[in-house]
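1. From the sequence below, what's the structure:
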Amino acid sequence: MILARLKKKFGELANVIGKSSIALRRARYEELRSERCQASAKILSGHGYKVFSQSDEDGIIDQIFRRIGATNRVFVEFGVGDGLENNTAALLFDGWTGLWIEGSKEYCDTIQAGMAGLIAASRLKLVNAYIYPDNIDTLIASNLLGREIDLLSVDIDGNDAHVIEQIRCISPRVVVVEYNAKFGPVISFCMEFNRDHVWRGSDNFGASLKYYEHLFKARGYSLVGCNIVGTNAFFVRNDLLGDHFDPVCTAERHFEPARYELVGLPSGHPASHSTFKSIV
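-> I've put the predicted structure just below:
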């Protein structure tokens, strides 16, 4: 009886601690968001919120299109998981249509079952395929009509930059890409291409914000912001910038460090010797 009571008390205490932790994370996030809003109305990170995104990307995407307007409301996203936590799921509720590419058959089966109506109505096209630099353009072009789309979102935990460099068939107005915050705002890092790469939780993935700044600048895009959690960067095509965004489009200006703890995850990733292959 005593043991049962102790277990109950410990369970109640764990529940209180868990709720307190969530409240503290939320308070810290709101504090940071308030700071960004007070600093400048053009800073994007103060406009974040979550619907189906990993953290607060949904709100920032909404804010970008409030400023530049949407055209055909077409998106492409690859690395969508089971469809319940990505950067474009929320857009389906606002009349958007698009293409999802996902490598996991299990995830695709889950999406097929859970979103059958959207797929049947041609609101959503789903392709089960692993993505590489030499197949990405064909995968998109063969499943999507038209060159200009409103949004491209990329999150494959590895060869992201190498894949992006080979996309030629579309001209997205906005691009969202996960960046590796380990390397801060100055270091230009890109993971060495590895066709067999599977992310194991180390720091050997993707590319740094500075690398993406240069990559997208060469393709006619500008960095307009990052989210507070320090996971995703947002780029807008130069012909759409106007005076809608902060005029300083550099990694030094917009970098946000890894604050994964704000979504209940450990911040940062353990170092790997594989990471150093990128500089050999």
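2. now the strands for the stretch 51-200 of the chain?
-> In the stretch 51-200 of the chain, the strands defined using DSSP state E, counting those that start in this stretch lie at 74-78, 97-102, 124-128, 148-154, 171-178.
3. hmm, who's touching the following helix or strand past the last one?
-> Using DSSP states H and E, the next helix or strand after strand 171-178 towards the C-terminus is helix 209-218. Helix 209-218 is contacted by residues 161, 164-165, 175, 177, 179, 181, 183, 185-190, 207, 222-223, 226, 233, 235, 249-251, 254-255 when judged by C-beta atoms under 8 Å, 6 or more residues apart in numbering. C-beta coordinates here come from the backbone N, C-alpha and C atoms, glycine included.
4. Narrow the residues you listed to those that are buried.
-> 161, 164, 175, 177, 179, 181, 183, 185, 188-190, 207, 222-223, 226, 233, 235, 249, 251, 254-255 (16 or more other C-beta atoms under 10 Å).
5. so Ala233 bridges to which residues?
-> Taking DSSP bridges as the rule, Ala233 bridges to Val177, Cys226.
6. Would you quantify the distance from it to Leu262?
-> In this view, Ala233 and Leu262 are 17 Å apart by C-beta to C-beta, to the nearest Å.
7. go on, His273?
-> Counting by C-beta to C-beta - His273 and Leu262 are separated by 29 Å.
8. Next: Ala41.
-> From Ala41 to Leu262 the distance is 23 Å (C-beta to C-beta).
9. Repeat that for Thr250.
-> Computed as C-beta to C-beta, the Thr250 to Leu262 distance reads 24 Å.
10. same check, this time on Asn204
-> Distance, Asn204 to Leu262, using C-beta to C-beta: 23 Å.
11. In terms of packing, which of Ala41 and Leu262 has more residues around it?
-> Taking other C-beta atoms under 10 Å, Ala41 and Leu262 do not tie; Leu262 has more neighbours (20 against 10).
12. before we move on, what SS does that one have?
-> Secondary structure, DSSP: H, G, I helix; E, B strand; the rest coil: Leu262 is helix.
13. can you tell me which residues contact it?
-> Contact analysis of Leu262 by C-beta under 8 Å, 6+ apart lists Arg25, Arg28, Tyr29, Ser55, Ile228, Val229.
14. give me the element the second one is part of.
-> Looking back up the chat, that one is Arg28. Per DSSP H and E: helix 2-39 holds Arg28.
15. Now that helix: average pLDDT?
-> For helix 2-39, mean pLDDT rounds to 66.
16. go on, stretch 141-155?
-> Per-residue pLDDT over stretch 141-155 has a mean of 95.
17. Would you mind putting the CA coordinates of that stretch into CSV?
-> What follows is stretch 141-155 as a C-alpha-only set of coordinates in CSV (Å, rounded to 0.1, in the frame of the first residue of the first chain):
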residue,chain,number,x,y,z
ALA,A,141,9.1,17.9,-63.4
SER,A,142,7.3,14.6,-64.0
ASN,A,143,4.8,15.3,-61.2
LEU,A,144,4.2,19.0,-61.4
LEU,A,145,3.0,21.2,-64.2
GLY,A,146,4.4,24.7,-64.5
ARG,A,147,7.7,26.3,-63.7
GLU,A,148,6.7,29.0,-61.1
ILE,A,149,5.5,27.8,-57.7
ASP,A,150,4.9,29.7,-54.5
LEU,A,151,6.9,27.6,-52.1
LEU,A,152,9.6,25.0,-52.0
SER,A,153,10.5,23.4,-48.6
VAL,A,154,13.5,21.1,-48.1
ASP,A,155,14.4,18.9,-45.1
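18. All good on my end, thank you.
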